[in-house]
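This is a predicted model, with the sequence first.
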Amino acid sequence: MKTTFFKKYAVLIFMGLSVLLRLFSFFPSVLDHDESTYLIIGREILQGKELYTDVTDTKPAGIFLFYAALEFLVGGSIFLKRFAFALVVGITAYLLTKVSQLLFKNWNAAFAAGLIYIFYTSIWVYHGLSPNTELLFNLTTISTLLLFLQPKLKTWVFGGLIMGIGFIIKYLVLFDLIAFMAFFFVFDIVRNSQIVKRPGFWGRYVGAGLAFLLPFGLLNLFFWLKNPAHDFFYVTYELPGNYGSNPSMVRCGTMLADFIGKFLPISFFLFYVLFKRSNILKKEQKWFFVTWVICILIAIYLPGKEFSHYTIQLMLPLSLIAGLFFHSEFKIDRYTSAVFTGRTGWALLFLAVVVIQIVGFKSELMEPDYPREVAAAIKQELDPGEDIYVGNYEQIIYYLLDEDSPTKYIHPNLIFTKTHKAFEINVDKELARIMSTEPDFVTLEKDNPKVIKLMKSKYRLVKKFKKGRISLYCRN
């Protein structure tokens, strides 16, 4: 009876749990700077601004188009946009269960894989709690795998198209596609060497490949028709070569160790399955996961950035493997079984939910929301027609006040960190141009000397926030 209930309402259970675990994260103005950039650029696109020309960032166009769609649907509500991402996480978890059932034919393992993915993405801000590109393209990745597990031309073409949509959200999804197509190609030939003589075999791969290229091709055509020298082409083809840094095995290994440590209970399930002698994973399945994980590790390593949210890409295969801990035919020792199965297991799950809620309430609701405080202070003084510049502080203030940025470089890091070299920005010249527009209000964090020098005596200090770290200035 219980199993039937969970199977019937699995998608609602996953979406509900995702919303519950992420609930307190819906309220703060800022979880991560990247999300603030997506919000602003999505709004600006709807207001007629040209992507990469009037407003720009390092990310592919897909994430900004998604946020523009959200802006159209729910308006300026940050709460509802994060709610939408919670639903994305829940749907991804549900599709994980479908993939697990196809691979392992066991409901317990499938349901556990979905639960594990939700916990993976709903605890730490930089590992999935903050909306980011990885949460979206993980949805396209697991959708594609579900379709590829059904070896028909139409499912492969549709899967390739979905993966192509993921590619214009973040290019690293290409490594998931490489893993899938390489494994299935070799596996099909090993299983039946004569299959290469069948046109249908080649048709699946060619069809999926062409469908994958379609969204990116259409995006290129769209911008080329606007202007063959459009800034899109610089951001897409030249910037990635400037933006990357030297990869480091040590830094990457440290990031992965941090990831494993932050999710210790899940890591325990994962390594228990991997190191216990068992036939729960068939030989071809082992090779599939090895191929997939290696491709993702290459994707994480190559950019040389070691951002925590890169590990979200790993959460799909790791959730599927860790879920096998709860496979009805997987034998675990009696002490481990006593802790993690039966009523004790459900009690621990409930306790985990409660702890996450308590921590979320304290960190997301009890802590001061300084960007909202600064925005409120500006709003009290801001007259119609006046404008602002947030300097090196939180760009979300533009969004909260429905104000335009005086620079197309929305994320402050593009100007105030070494990233300006990748964009070939002359920082002194750009800051001088911005301040020449005489914004009525300027915010700074730790009083940036270059901006202070440009303000001269034209501005007065209005208020300080966060124990003096944030300064609000008004033009005299």
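Sure thing, it's come through. Everything quoted here is computed from the prediction, not taken from an experiment.

what's the domain layout of this structure?
2-362, 370-475 (automatic domain parsing).

just how off-centre is the last one within its chain?
In terms of Cα atoms, centre = their mean, to the nearest Å, the gap separating the centre of domain 370-475 from the centre of its chain is 27 Å.

now do the longest one
Centroid separation for domain 2-362 versus its chain: 8 Å, with Cα atoms, centre = their mean.

what about it, average pLDDT?
On average, the pLDDT along domain 2-362 is 91.

The helix or strand containing Ile298 - contacts with which helices or strands?
Per DSSP states H and E, Ile298 falls inside helix 283-301. Counting by 3 or more Cβ pairs under 8 Å, 6 or more residues apart in numbering; DSSP states H and E, the packing neighbours recorded for helix 283-301 are helix 174-191, helix 249-262, helix 315-322. Using the backbone N, CA and C atoms, a C-beta is placed for each residue, glycine as well.

Comparing these, which comes out most buried?
Highest mean neighbour count among those (mean count of other Cβ atoms under 10 Å): helix 315-322, with a mean of 26.

Other residues contacting that one?
Identification of contacts with helix 315-322 by Cβ atoms under 8 Å, 6 or more residues apart in numbering yields 96, 99-100, 103, 112-114, 116-117, 120-121, 128, 138, 141-142, 266, 269-270, 273-274, 281, 289, 292-293, 296.

Past that helix, which element shows up next along the chain?
From helix 315-322 onward toward the C-terminus, using DSSP H and E, the following helix or strand is helix 334-340.

Could you check how far Pro317 is from Ser100?
11 Å (Cβ to Cβ, to the nearest Å).

swap in Asn138?
Counting by Cβ to Cβ - Asn138 and Ser100 are separated by 15 Å.

what do you get for Phe233?
Distance of Phe233 to Ser100, computed by Cβ to Cβ: 41 Å.

neighbour count winner among these two?
Neighbour totals were compared for Phe233 and Ser100, and Ser100 leads with 25 against 16 (other Cβ atoms under 10 Å).

ok, the more buried one touching Gly323?
Yes - taking contacts as Cβ atoms under 8 Å, Ser100 lies within contact range of Gly323: 5.9 Å.

Mind listing the shared neighbours of those two?
Ala109, Ala110, Ala113, Gly114.

Next, the last one: secondary structure please.
It stands for Gly114. With DSSP: H, G, I helix; E, B strand; the rest coil as the basis, Gly114 sits in helix.

isn't it right up against Lys7?
No - checked against Cβ under 8 Å, the pair Gly114 and Lys7 is beyond contact range at 11.5 Å.

any residues in contact with both of the two?
Counting by Cβ under 8 Å, 6+ apart, nothing touches both Gly114 and Lys7.

quick one: which of these two has more around it?
Neighbour count, other Cβ under 10 Å: between Gly114 and Lys7, Gly114 has more, with 29 against 14.

Next up, the contacts around the more buried one.
Gly114 is in contact with Ala10, Phe14, Ala93, Tyr94, Leu96, Thr97, Ser100, Ser319, Gly323, counting by Cβ under 8 Å, 6+ apart.

Widest-spaced pair of those?
Across those, the longest distance by Cβ to Cβ is 14.6 Å; it joins Ala10 and Ser319.

quick one: the residue lying closest to Pro215 once chain neighbours are set aside and Phe85, what's the gap?
Nearest non-adjacent residue to Pro215, counting by Cβ to Cβ, 6 or more residues apart in numbering: Gly164, 4.1 Å away. To Phe85, Gly164 is 21 Å away according to Cβ to Cβ.

Please identify which of those two sits among more neighbours.
Shown here are Gly164 and Phe85; by other Cβ under 10 Å, Gly164 has more neighbours (27 against 23).

Name all residues that make contact with that one.
Ala211, Phe212, Leu213, Leu214, Pro215, Phe216.

just to revisit the earlier point, would you list the contacts of Gly114 in TSV and tack on secondary structure?
Converted to TSV, those look like this (three-state DSSP):
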residue	secondary structure
Ala10	helix
Phe14	helix
Ala93	helix
Tyr94	helix
Leu96	helix
Thr97	helix
Ser100	helix
Ser319	helix
Gly323	helix
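
Can I get these in a markdown table including distance to Tyr398?
Below are these laid out as a markdown table (distance: Cβ to Cβ, whole Å):
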| residue | distance to Tyr398 |
| --- | --- |
| Ala10 | 40 |
| Phe14 | 34 |
| Ala93 | 34 |
| Tyr94 | 36 |
| Leu96 | 37 |
| Thr97 | 40 |
| Ser100 | 43 |
| Ser319 | 36 |
| Gly323 | 42 |
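
which one of these sits closest to Phe350?
Phe14 (16.4 Å).

Now do that closest one against Ile397, distance only.
Separation of Phe14 from Ile397 (Cβ to Cβ): 35 Å.
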